[in-house]
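Trainee: Below is the sequence, then the predicted model.
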Amino acid sequence: MNRTSLIAIHFAALAAACSNPPARALAQGRPAVSTAETQEPANLVVEWNRALLRIVRTPGAQPATIHPTRTFAMLHLAIRDAVHSIDRTPRLIRASSREASQEAAAAAAAHDVLVALYPSLAAQLDTQLQQSLAQVPDGAPKTEGVRIGQDFAGRVLAARADDGSAAPPLKFTFGTLPGAYQSTPPNFPSQPQFTSWPHVKPFALERASQFRPGPPPALESDAYADALNEIKSLGTASGSPASADQALTGRFWNGAIQNYWNEIAQTAALSRGLTTAETARLFALLDVAIADSVIAFYDAKYTYAFWRPVTAIRAADTDGNPETDADPNWLPQAGRTAPDPSYPGAHAVISAAAAAVLEGFLEEADFAFSVTSEVLPGTQRSFESFAAAAREATLSRIFAGQHFRFDLSAGHRLGEKVAEFVVSNSDSPKENEND
């Protein structure tokens, strides 16, 4: 059975377990919806996702050695587990005086996770919690929801306390031979980023190397020469034959790619009117898949430690390939190169994983929406499907001068495999039999 079939079957059962009609039953053919934050949130899950996005976009708020995707996964697992514990409770029990509010549980779980991870922002998060709880009627359900949310936040925090994320970065020795990762011009970072991340415990994967791709093509191969010459031409900072639209995509997506996909998920949840329980499940699957994708691609990056295009192009006279020529002054369109090895490409991995989760959850191959750039404020691009956005985000790394095409193809396959595993091994629909 292929990936699409597995995801569709899983979510068909999951949607059937929800008390409200699934997203696919809503009206189709509506115009593209935007990721702009001016939309009214469908529920508190979206509000707390936005709160975390604001935090990670605040300079200095996110610890430099902790990848933010870990926080997103922890936030949404706590919310999902708290809400799920209420959503799956037999109706006879829920009808009692101790019936709990899913919204209060979501808010309390989110608040406690984020306060633990960002203690300096406690006052800000306390205010957010007050605003969230003000939307929930006072009474026993609200009180019980808060208690449940706090309980599940504590469980998630305890489960991740020794996951390896607090380990100091491993010292990396830059290579000197052709093909080996080296510090990249023009800024020449002294060390690459997240060198310890391959050793962080995954959320769902059995191990970081579970779907590790095979090695990149040999330097002497035609595949390598084709990929180098493509990015050398299209991804250069000056004189590129890329079209204006291609150049724009290189700039548009040149931000933290997981942030784009969380905003896309917000748009999907709001436009399809998902319930609190449905939204909680969606974001948990999305951000666990993204977090494990990051652990997986860092495993591959530091296994192969392959040089970046800017290094390869400047040193093409050393690669032993007669089809490549050196340009000692070449720089990427994006200006600087991300400080880690090239293979596989992060944008490709995360985008493939996110698109697979969203398409599977909504059971819609076509979904019209617009997304706002992380780095070009106010600039939007529109798409007719999650797959189309993932393709553009992936190929944008060629136009930005960041990745070889084979980085992207390997990354896409890795992201799909991670998403399939996360979806197939998520909470069982049988847990909701009593709903």
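Mentor: Perfect, I can see it now.
Trainee: what stretches of the protein score poorly on pLDDT?
Mentor: 1-42, 89-98, 427-435 (pLDDT under 70).
Trainee: How is Asn259 classified with respect to secondary structure?
Mentor: Secondary structure of Asn259, reduced to three states by DSSP: H, G, I helix; E, B strand; the rest coil: helix.
Trainee: tell me the contacts of the nearest residue in space to it that is not next to it in sequence?
Mentor: Distances taken as Cβ to Cβ, 6 or more residues apart in numbering place Glu374 nearest to Asn259, at 5.4 Å, with adjacent residues excluded. (Glycine included, C-beta is placed from N, CA and C.) Remark: with contacts taken as Cβ atoms under 8 Å, 6 or more residues apart in numbering, Glu374 is in contact with 253-256, 259-260.
Trainee: Secondary structure element for Glu374, which one?
Mentor: Under DSSP states H and E, no helix or strand contains Glu374.
Trainee: Would you map the strands across the chain?
Mentor: 33-34, 369-372, 380-383 (DSSP state E).
Trainee: how about CSV for these, with distance to Asp327 added?
Mentor: Formatted as CSV, the strands of the chain follow (distance: least, Cβ to Cβ, whole Å):
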stretch, distance to Asp327
strand 33-34, 40
strand 369-372, 33
strand 380-383, 30
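Trainee: on that earlier part again, widest-spaced pair of the contacts of Glu374?
Mentor: Spanning the widest gap among the contacts of Glu374 are Asn254 and Asn259, at 12.0 Å by Cβ to Cβ.
Trainee: In terms of neighbours, single out the busier of the two.
Mentor: Asn254 (25 against 17; other Cβ atoms under 10 Å).
Trainee: Report the contact partners of the more buried one.
Mentor: 334, 374-375, 396, 400, 402.
Trainee: Let me know the closest of these to Leu205.
Mentor: Gln402 (25.2 Å).
Trainee: How many residues are close by the closest one?
Mentor: 28.
Trainee: And for the one 5 residues further on?
Mentor: Residues lying near Asp407 (other Cβ under 10 Å) number 31.
Trainee: And for Phe172?
Mentor: For Phe172, using other Cβ under 10 Å, the count is 18.
Trainee: go on, Ala123?
Mentor: By other Cβ under 10 Å, the residues close to Ala123 number 9.
Trainee: just Phe306 next, same as before
Mentor: If we define neighbours as other Cβ under 10 Å, then Phe306 has 24 of them.
Trainee: cool, and Pro339?
Mentor: If we define neighbours as other Cβ under 10 Å, then Pro339 has 17 of them.
Trainee: Can you tell me, leaving aside adjacent residues, what's nearest to it?
Mentor: In space, not counting the residues next to it along the chain, Pro339 is nearest to Pro189; the distance is 4.3 Å by Cβ to Cβ, 6+ apart.
Trainee: Distance check, the one you found against Tyr181.
Mentor: 11 Å (Cβ to Cβ, to the nearest Å).
Trainee: and if you look at Asp327?
Mentor: 19 Å.
Trainee: For those two, work out which one has more neighbours and name it.
Mentor: Tyr181 (22 against 15).
Trainee: Tell me who's in contact with the more buried one.
Mentor: 174-175, 192, 305-308, 311, 341-342.
Trainee: What about Thr379, how many residues nearby?
Mentor: Other residues close to Thr379 by other Cβ under 10 Å number 13.
Trainee: wait, it sits on Ser370?
Mentor: No. Assessed by Cβ atoms under 8 Å, Thr379 is found out of contact with Ser370, at 10.3 Å.
Trainee: ok, longest helix in the protein?
Mentor: Across the chain, the helix with the greatest residue count (assigned by DSSP state H) is helix 276-304.
Trainee: tell me what it is packed against?
Mentor: Under the contact definition 3 or more Cβ pairs under 8 Å, 6 or more residues apart in numbering; DSSP states H and E, helix 276-304 sits against helix 44-56, helix 68-87, helix 102-117, helix 257-271, helix 346-362, helix 405-424.
Trainee: Now with 6 Å, please.
Mentor: helix 68-87, helix 257-271, helix 346-362, helix 405-424 (3 or more Cβ pairs under 6 Å, 6 or more residues apart in numbering; DSSP states H and E).
Trainee: Pick the most buried one from those helices.
Mentor: Stretch with highest mean neighbour count among those: helix 346-362 (a mean of 28; mean count of other Cβ atoms under 10 Å).
Trainee: contacting residues around it?
Mentor: Residues outside helix 346-362 that contact it (Cβ atoms under 6 Å, 6 or more residues apart in numbering) are 7, 11, 23, 257-258, 261, 268, 282, 285-286, 289-290, 293, 297, 386-387, 390, 393-394, 397, 408, 411-412, 414-416, 418-419.
Trainee: Try it again at 7 Å.
Mentor: 3, 7-8, 10-11, 23-24, 253, 257-258, 261, 264-265, 268, 272, 282, 285-286, 289-290, 293, 297, 365, 386-387, 389-390, 393-394, 396-397, 408, 411-412, 414-416, 418-419, 423 (Cβ atoms under 7 Å, 6 or more residues apart in numbering).
Trainee: just checking, Ala218 touches Ala225?
Mentor: No. When contacts are counted by Cβ atoms under 7 Å, Ala218 is not listed as touching Ala225 (10.4 Å).
Trainee: which one of the two has more residues nearby?
Mentor: Neighbour totals were compared for Ala218 and Ala225, and Ala225 leads with 18 against 13 (other Cβ under 10 Å).
Trainee: Identify the residues contacting that one.
Mentor: Counting by Cβ under 7 Å, 6+ apart, Ala225 has contacts 321, 323-324.
Trainee: what do you get for Ala167?
Mentor: 196, 199 are the contacts of Ala167 under Cβ under 7 Å, 6+ apart.
Trainee: For it, give its distance to Glu220.
Mentor: 37 Å.
Trainee: Next: Ala400.
Mentor: Counting by Cβ to Cβ, the gap from Ala400 to Glu220 is 27 Å.
Trainee: How about the contacts made by the closest residue to Ala334 other than its chain neighbours?
Mentor: Nearest residue to Ala334, sequence neighbours excluded (Cβ to Cβ, 6+ apart): Ala400, at 4.2 Å. By Cβ under 7 Å, 6+ apart, Ala400 lies in contact with 235, 250, 254, 332-334.
Trainee: List just the nearest of these to Arg50.
Mentor: For those, with Arg50 as the reference and Cβ to Cβ as the criterion, the closest is Asn254, at 21.9 Å.
Trainee: Go through stretch 186-200 and flag the buried ones.
Mentor: By neighbour count on 16 or more other Cβ atoms under 10 Å, the buried set for stretch 186-200 is 192, 194-200.
Trainee: Using JSON lines, please lay out those together with distance to Val349.
Mentor: Below are those laid out as JSON lines (distance: Cβ to Cβ, whole Å):
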{"residue": "Pro192", "distance to Val349": "17"}
{"residue": "Phe194", "distance to Val349": "14"}
{"residue": "Thr195", "distance to Val349": "18"}
{"residue": "Ser196", "distance to Val349": "18"}
{"residue": "Trp197", "distance to Val349": "13"}
{"residue": "Pro198", "distance to Val349": "14"}
{"residue": "His199", "distance to Val349": "18"}
{"residue": "Val200", "distance to Val349": "15"}
